[in-house]
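Colleague: Build me a model from this:
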Amino acid sequence: MRLTETQRQSIKSAVTSVIGEESRVWLFGSRVDDAKRGGDIDLLIETDRVVPSRTNALCRIEGALAVRLGDRKIDVLLKDAQTAEAPIFHAARKTGVLL
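Modeller: Residues are numbered from 1 along each chain as shown. Next up, the predicted model:
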């Protein structure tokens, strides 16, 4: 995994501040592969509760990540209790790493 411990903690802290302690954060995509270089940070955030305003939550998470991690490309997917399962969620869990 090509994230430092500080970056991992920053990501988990940002997600927890918006979604809550029960959230799960998966890193997937090129950052999981130590042999690759560069690439954006792809995250899947899951919670078993309903997030009332997913758009608002995503904006708050992305803003918190920008403050904590600086100017870098970050893609965030959010799956709450009302979000239908999609192939991308399955792929992220299968190939990703739980932070």
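Colleague: ranges for the helices of the protein?
Modeller: For the chain, the helices defined by DSSP state H cover 5-18, 54-69, 87-95.
Colleague: Which among the ones you listed is found nearest to Leu77?
Modeller: Taking CB to CB, helix 87-95 is the member of these nearest to Leu77, at 6.6 Å. (Glycine included, C-beta is placed from N, CA and C.)
Colleague: do you know how far the residue of the chain most remote from its centre is from Leu43?
Modeller: No residue in the chain sits farther from the centre than Ala35, which is 21.2 Å out by CA atoms, centre = their mean. Using CB to CB, to the nearest Å, we find Ala35 at a distance of 21 Å from Leu43.
Colleague: Asp71 too?
Modeller: Going from Asp71 to Leu43 by CB to CB gives 17 Å.
Colleague: Now the residue nearest to the spatial centre of the chain. Nearest residue, chain neighbours left out?
Modeller: Residue closest to the average C-alpha location in the chain (CA atoms, centre = their mean): Leu43, at 2.9 Å. In space, and not counting its chain neighbours, Leu43 is closest to Val76: 5.0 Å by CB to CB, 6 or more residues apart in numbering.
Colleague: Tally up the residues packed near the one you found, please.
Modeller: Using other CB atoms under 10 Å, Val76 has 19 other residues around it.
Colleague: Just to check, it is in contact with Glu46?
Modeller: No - Val76 is beyond contact range of Glu46, at 11.6 Å (criterion: CB atoms under 8 Å).
Colleague: For this structure, give me the ranges with low pLDDT.
Modeller: 1, 38 (pLDDT under 70).
Colleague: Check the gap between Leu98 and Ile88 for me.
Modeller: Distance of Leu98 to Ile88, computed by CB to CB: 16 Å.
Colleague: same deal with Ser17?
Modeller: Here Ser17 is placed at a distance of 25 Å from Ile88 (CB to CB).
Colleague: what distance separates stretch 10-18 from the centre of its chain?
Modeller: Stretch 10-18 has its C-alpha centroid displaced from the chain centroid by 9 Å (CA atoms, centre = their mean, to the nearest Å).
Colleague: One more: stretch 89-98?
Modeller: Taking CA atoms, centre = their mean, one finds stretch 89-98 lying 11 Å from the centre of the chain it belongs to.
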